[in-house]
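Q: need coordinates for the following:
(4 chains, ligands or ions: 4)
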Amino acid sequence: FEKRAYDLFLQNLVKGTSHLSLGQEAIAAGFGVAMRPDDYTFATYRGHAHTLARGVPMTPVLAELLGRENGLMAGKGGSMHLTSVQHGVMGSYAIIGAHLPIACGAAWSAMYRDSGQVAVCFFGDGTTNIGAFHEALNFAVVWNLPVVFVCENNQYMEYTPISAVTAVKNPAADRASAYNLPSMLVDGNDPDEMYDAATSALAKARTGGGPTLIEASTYRHGGHSRADPGKYRPQGEVDAWLARDPLPAYRSRLLMFGVAEETLADIEHAAMEAVELATAEAKAGAVPSVDLVLADVWADGGSSWRN
Amino acid sequence: FEKRAYDLFLQNLVKGTSHLSLGQEAIAAGFGVAMRPDDYTFATYRGHAHTLARGVPMTPVLAELLGRENGLMAGKGGSMHLTSVQHGVMGSYAIIGAHLPIACGAAWSAMYRDSGQVAVCFFGDGTTNIGAFHEALNFAVVWNLPVVFVCENNQYMEYTPISAVTAVKNPAADRASAYNLPSMLVDGNDPDEMYDAATSALAKARTGGGPTLIEASTYRHGGHSRADPGKYRPQGEVDAWLARDPLPAYRSRLLMFGVAEETLADIEHAAMEAVELATAEAKAGAVPSVDLVLADVWADGGSSWRN
Amino acid sequence: MAQLTFRQAVARGIAQEMRRDNNVVFLGEDIGAAGGVFKATGGLLDEFGPTRVRDTPISEQAILGAAMGAAMTGLRPVAEIMFSDFLACCWDYLANEIPKMRYMTGGQVRLPLVVRTANGGGLGFGAQHSQAVENWAFAVPGLKVVAPATPSDVVGLMAAAVRSDDPVVFFEHKGLFASKGPPAPDDHLVPLGEAAVVRPGQDVTLVALASTVPVALGAARELDRDGISVEVVDLRCLVPLDMRTVLESVRRTSRLVVVEENPYQGGWGGTVAGIVADEGFELLDAPIKRVASACVPLPFADRLEDEVIPTVAKVCDAVRRLAAY
Amino acid sequence: MAQLTFRQAVARGIAQEMRRDNNVVFLGEDIGAAGGVFKATGGLLDEFGPTRVRDTPISEQAILGAAMGAAMTGLRPVAEIMFSDFLACCWDYLANEIPKMRYMTGGQVRLPLVVRTANGGGLGFGAQHSQAVENWAFAVPGLKVVAPATPSDVVGLMAAAVRSDDPVVFFEHKGLFASKGPPAPDDHLVPLGEAAVVRPGQDVTLVALASTVPVALGAARELDRDGISVEVVDLRCLVPLDMRTVLESVRRTSRLVVVEENPYQGGWGGTVAGIVADEGFELLDAPIKRVASACVPLPFADRLEDEVIPTVAKVCDAVRRLAAY
Ligand SMILES: Cc1ncc(C[n+]2csc(CCOP(=O)(O)OP(=O)(O)O)c2C)c(N)n1
Ligand SMILES: Cc1ncc(C[n+]2csc(CCOP(=O)(O)OP(=O)(O)O)c2C)c(N)n1
Ligand SMILES: [Mg+2]
Ligand SMILES: [Mg+2]
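A: Numbers count the residues shown, from 1 in each chain, chains lettered A, B, ... in the order given. Ligands and ions are numbered 1, 2, ... in the order given. All right, here's what the predicted structure looks like:
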């Protein structure tokens, strides 16, 4: 899917920015499987994988990227703001750090309503240096909220290596003690390890054990966004991480565990077909009607600010 | 002096808020003596002691509290913003946390100009939970800035005990490791201990050793501000801290070290006289001229925003 | 009947809604045991307990972020930001997150939340604790903006704000906390977006908000002695903005002075004046005047602060010039 | 002569001042090796080295706080906030600290600093990366506010901004980065606060800023074919605001349309319209119109975004209505 989206970029059909998560899929996959259907996901502009991992169909996601009316948000939000409340995807946020406190709020609400839901908040390594990160982590611990913070450490902010701007080695995990917050440092390219970490953190939060911080190390295969070929990274580093691409690695592991080559090929084939179909459906979507412009600022469906 | 200011409040001559530092004088005193004349002080609304400790005369400080034209800022700033650039007091800031990054900027400038100056930034325990605190500490370490952060932990934010809203026991010191920042936990009621901590942190910063974080535990003898009698604190706690009042304790220590009773009595007498005089001078100050209203928004002395 | 203070009205308004709806929760700094630094929320902790009335760390971003997340998932939070100047410390939430979330998601979420904050000057709190910043909120599409002038309106507009399914910024003027007025009736509700003509008149219209309502009324009384009849419109809300009431008043008087505490540059009165200069151009017999704060930070000393903010004398002066036009 | 792009002009303007004055330093996210996310600062790291051109963490408060502290103690920092929407993440510095410090201290400090930021929409970046927020800065007394429309003005106004002893917020419109124009002369300087009449005309005055200058000029060309002669004023700065040039133009045309990209509610055009409705009331032969963005968050899809922001068609429509008045 991500590769297909990338193709679409190259075809220049998607305007604006767009931020792929090729190479980081294992994190979303691990959590996607471990979460309860009514749990909350809070993602960033790099939120495609997280959205799909919660069961949101491909067509509206691709259509949203193209700004079509059959998009997930009817073309009003765009790639950076994928949201599907019905699937628990409570939004993708494009201002660094802003969604950590918001996830705390959803967790507070779950606790207040005694619903057993957990809020899971994904963010990047660069996000650990902004003030909202600090406020949210302290707040979550003091209020003992059912929230799981997941730092996807892909080693870079946009173009700058995280080590150049961060006082500690592991930007999230090394800070957990400042909040008395249990933390785990995991291999973000290993879906099984991610799944285990997710399962234990979710169970803990769900049973009143409070928040957890998970730092998952991974790598961004492509550039930061459509505009970025990613040239600032040393080739040796890129090669080493590409060799650890979670997809082929996981494929080998499944084979080793006795899953038949045929079964995997079937899955791949089905996935490719689903992507083809979604792409066609998305491209066939209409340009949004201009009536949408003045819709849904307010809960009454309108946008009137004066009489 | 602080007691005198308190008297003035009771006389209702000072309007608006005002935040005393009775009980916390040792911290300012220790640093005041240890700092180089051209070092920078960044203080909070509770900045009276820090301002006086840098050698700012009493009359303009008291006059500023009264909003008089002979005030330190001609009555334009008020008690919460005491500033005397000529004495290195680069401002008192009334928005929690804001001055920590600003102090970093002054330290950066000192480093860039290779001036050997150090910026010292004082703040309260409650301040450690705001985002600017986090950004500043990481920034200071990454840029290796000559700045000393001093948390005056007086156990309370305004009315709420710090322990009720903070995930760790020592709100500043327990977070130093999140920034790879050397830290010290000291008795803020002991001027000698403060002086030693200040001296070593300043020397380190001055010689390129980078920032230090000092947490000094202390207590606010009065309420948070003029409006607050401080009733929310258990009497046992207040009594225990009053018994540790730095002033009489230090007096005893000086006597023990052989300073003559007479010498101390002379100092006290002179201080009382100075306070009397400053009070009289401040009260005699004129109400500021209305010409000041439109002065000094801009560097050219004016405030014109259109033609 | 006993008079109600503005301060008491705040607690009363919140309590009324918390009793009605269990999903209304309240968070902020020092709001619980301390009853708020302005003592405007006393008694709420006692009545509703610590799960519904929660003290927070000094973390303005966490406060508004938490309110937003809670509002998106079924609660109706009321969040206090102690002084409106501190909205700058969590502006991302009011500018970029809260007002845009519903729109960006094609209407998938609602944000029924209230941000209460103490606004305005005149009390000698200095430049960082005295600003009237209702125009900051007014500049952001997607926020409702309320600023009551009387205790009874505090109760009624608070009820409407809490019940609204949209985010509301609720400005309580510090200078009004001690003011008194007739108590609100039981279960009082003042709909958002309805201005009130608080004094009828024929010669000049004064449009005012919050602290400038008593200033405008004071000027009207003084001008009455000179034989100038002034109509005073209390906007009560900036969003929704009741321009119909303003334009109707100008239709009667043909003269308009807008009285606002925020600075002249970028103040909300510019938008009001601009609308009247467009849609009400033919109604006007004289220039439109704006009496707003001078374009400087708020100085500390009383005498200086009075020079900056709108006063009865300044309003009278503007009205007299229009009346003589 | 080779044309200069707006993007190149930014780096050229900064470089010119960094060469002139060793105390000019530059900080921000990804500005160094990466040359900025808009590639507007390429080459500066190479020429001036890593002590003068410094990459920062994603810490907007630290960036502006550091710039402020450095400016108070002898440097002349230029700070980049990548997108102007993110000013909300460090708004305390622009609203409460930087613009007030000199005033509060009775003139003890100066704050010679520039905050550069990419502003505005029309590129499909969505609601959180597309706002025109020059009105936020305009609402704060104590900030100078600059928003150039041409590459040559970028260089000349950047020079003036860096040399100014006052804090300047410098808005670079994202939609203009790729635009081209005549190169700036050597050591070019355009004083702050001087509007430019970029097209003379007799019938209607259009007041524009940054991205709306080309929109206004496009409308003027189109209206010319209908025999309507339009004068276009490029304000260049919001503070200092050159109302004299605006009022002089209205004196000639008697008709005014303000074209602004920020939303109508709380937009800077309200203040401009309000001044003209007061001081220029007698000059006017028709209502004042404002063409501003619709009061909604910026939608993503092109077709929707075009509906929100000012376009040539919308400006033409407003002008035609005035001309027919
Ligand atoms: C407050 C804020 N500052 C800057 C940006 C610009 N920006 C977008 S993505 C990004 C890098 C984020 O790095 P990281 O958190 O590691 O996430 P990644 O993109 O690597 O997944 C930056 C600086 C932003 N969106 N918000
Ligand atoms: C951003 C911000 N939030 C809230 C306040 C209101 N306030 C003023 S002082 C204070 C308590 C600060 O506590 P602490 O940092 O411990 O300092 P102390 O007053 O105890 O010296 C608060 C919450 C403020 N000034 N700024
Ligand atoms: Mg990253
Ligand atoms: Mg304290």
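Q: show me what counts as buried in stretch A:200-216.
A: Within stretch A:200-216, the residues that qualify as buried are A:200-202, A:204-206, A:210-216, counting by 16 or more other C-beta atoms under 10 Å in any protein chain shown. C-beta here means a position set from N, CA and C on the backbone, and glycine is covered the same way.
Q: oh, I was asking about stretch C:167-184
A: C:167-177, C:179-181, C:183-184.
Q: out of the buried residues of stretch A:200-216, which sit inside strands?
A: A:T212, A:L213, A:I214, A:E215, A:A216 (DSSP state E).
Q: save the buried residues of stretch A:200-216 as a markdown table, and put in distance to ligand 2 and pLDDT too.
A: Listed next are the buried residues of stretch A:200-216 as a markdown table, based on distance: C-beta to the nearest ligand atom, whole Å; pLDDT from 0 to 100:
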| residue | distance to ligand 2 | pLDDT |
| --- | --- | --- |
| A:S200 | 36 | 97 |
| A:A201 | 31 | 98 |
| A:L202 | 34 | 98 |
| A:K204 | 31 | 98 |
| A:A205 | 29 | 98 |
| A:R206 | 33 | 98 |
| A:G210 | 25 | 98 |
| A:P211 | 24 | 98 |
| A:T212 | 28 | 98 |
| A:L213 | 25 | 98 |
| A:I214 | 30 | 98 |
| A:E215 | 29 | 98 |
| A:A216 | 33 | 97 |
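Q: closest one of those residues to chain D?
A: Ranked by distance to chain D (C-beta to the nearest C-beta), those are led by A:E215 at 16.5 Å.
Q: quick one: contacts for that closest one?
A: Contacts for A:E215 (C-beta atoms under 8 Å, 6 or more residues apart in numbering or on different chains) come out as A:C151, A:N153, A:N170, A:P171, A:A172, A:A173, A:S183, A:M184, A:L185, A:V186.
Q: sorry, back to before: could you identify the most distant pair in the buried residues of stretch C:167-184?
A: The most widely separated members of the buried residues of stretch C:167-184 are C:P167 and C:K180, with 30.2 Å between them, by C-beta to C-beta.
Q: packing partners of the helix or strand hosting A:H269?
A: Per DSSP states H and E, A:H269 falls inside helix A:261-284. Applying 3 or more C-beta pairs under 8 Å, 6 or more residues apart in numbering or on different chains; DSSP states H and E, one finds that helix A:261-284 contacts helix A:2-10, helix A:58-65, helix A:246-256.
Q: do the helix or strand just after the shortest one and chain C meet?
A: Counting by DSSP H and E, the element after helix A:58-65 in chain order, helix or strand, is strand A:89-93. Yes: applying C-beta under 8 Å from any C-beta of the partner chain, one finds that strand A:89-93 is in contact with chain C at A:M90, A:G91, A:Y93.
Q: okay, these in TSV with pLDDT, neighbour count and distance to A:V238 next?
A: Output for the residues of strand A:89-93 next to chain C, formatted as TSV (pLDDT from 0 to 100; neighbours: other C-beta atoms under 10 Å in any protein chain shown; distance: C-beta to C-beta, whole Å):
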residue	pLDDT	neighbour count	distance to A:V238
A:M90	98	29	33
A:G91	97	33	31
A:Y93	97	27	28
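Q: could you dump these to CSV with distance to D:V246?
A: Listed next are the residues of strand A:89-93 next to chain C as CSV, based on distance: C-beta to C-beta, whole Å:
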residue, distance to D:V246
A:M90, 46
A:G91, 42
A:Y93, 40
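Q: ok, the residues you listed vs D:T56, which is closest?
A: Nearest member of these to D:T56, counting by C-beta to C-beta, is A:Y93, at 21.1 Å.
Q: for ligand 3, what's its nearest residue on chain C.
A: Ligand 3 sits closest to C:D92 of chain C, with a gap of 19.8 Å, by C-beta to the ion.
Q: pLDDT score assigned to the nearest residue to C:S179 once chain neighbours are set aside?
A: Nearest-residue entry for C:S179: C:F6, 4.9 Å, with adjacent residues in sequence omitted and distances by C-beta to C-beta, 6 or more residues apart in numbering or on different chains. At C:F6, the pLDDT value in this model is 98.
Q: beyond the helix or strand of chain A with the lowest mean pLDDT, next helix or strand please.
A: When each helix and strand of chain A is scored by mean pLDDT, DSSP states H and E, helix A:2-10 comes last, with a mean of 44. Tracing the chain past helix A:2-10, the next element assigned as helix or strand by DSSP H and E is helix A:25-34.
Q: what angle do the next helix or strand after that next one and strand A:89-93 make?
A: Next helix or strand after helix A:25-34 toward the C-terminus (DSSP H and E): strand A:40-44. Here the directions of strand A:40-44 and strand A:89-93 differ by 20 degrees (axes from the mean of the first three to the mean of the last three C-alpha atoms, to 10 degrees).
Q: quick check, strand A:40-44 touching chain C?
A: Yes: using C-beta under 8 Å from any C-beta, strand A:40-44 reaches chain C at A:Y40.
Q: touching stretch C:296-303 from outside, list them.
A: B:15-16, B:64, B:67-68, B:73, B:75-79, B:81, B:287-288, B:290, B:292-294, B:297, B:303, C:121, C:124-127, C:130-131, C:263, C:305, C:307-309, D:99-100, D:103-104, D:141-142.
Q: which of these are buried?
A: Using 16+ other C-beta under 10 Å, the buried ones in the contacts of stretch C:296-303 are B:15-16, B:64, B:67-68, B:73, B:75-79, B:81, B:288, B:292-294, B:297, B:303, C:121, C:124-127, C:130-131, C:263, C:305, C:307-309, D:99-100, D:103-104, D:141-142.
Q: can you narrow the residues you listed to ones near chain A?
A: Okay, of the buried ones among the contacts of stretch C:296-303, nothing touches chain A (C-beta under 8 Å from any C-beta).
Q: and for the residue in the stretch 201-307 of chain A that ligand 3 sits nearest to, the neighbour number?
A: Of all residues in the stretch 201-307 of chain A, A:R220 sits closest to ligand 3, at 7.0 Å by C-beta to the ion. Look at A:R220: counted by other C-beta atoms under 10 Å in any protein chain shown, it has 23 neighbours.
Q: what's the closest non-adjacent residue to it?
A: That would be A:N154: by C-beta to C-beta, 6+ apart, it lies 4.5 Å from A:R220.
Q: same question, C:V233
A: C:V233 sits nearest to C:V207 (C-beta to C-beta, 6+ apart), 4.9 Å away.
Q: where does the prediction get shaky in the chain?
A: Just going to use chain A. Scanning chain A for pLDDT under 70 picks out the ranges A:1-23.
Q: wrong chain, I was asking about chain C
A: Using pLDDT under 70, chain C drops low at C:1.
Q: how about the residues of the stretch 101-250 of chain A near ligand 3?
A: For the stretch 101-250 of chain A, the residues in contact with ligand 3 (C-beta under 5 Å from the ion) are A:G124, A:D125, A:G126, A:N154, A:Y156.
Q: among those residues, which are in strands?
A: A:G124.
Q: nearest to chain B among the residues of the stretch 101-250 of chain A next to ligand 3?
A: Using C-beta to the nearest C-beta, the shortest approach to chain B within those belongs to A:G126, at 11.5 Å.
Q: wait, what's in contact with the closest one?
A: Contacts of A:G126 by C-beta under 8 Å, 6+ apart are A:I96, A:Y156, A:M157, A:E158, A:T160, A:I162, A:V165, A:P171, D:P57, D:I58.
Q: count of neighbours near residue 42?
A: Went with chain A since none was named. A:F42 has 31 neighbouring residues, counting by other C-beta under 10 Å.
Q: switch to chain C, that's the one I care about
A: 17.
Q: quick one, phi psi at the nearest residue to it once chain neighbours are set aside?
A: Distances taken as C-beta to C-beta, 6+ apart place C:G35 nearest to C:G42, at 3.4 Å, with adjacent residues excluded. C:G35 adopts backbone torsions of phi 70, psi 20, taken as degrees, to the nearest 10.
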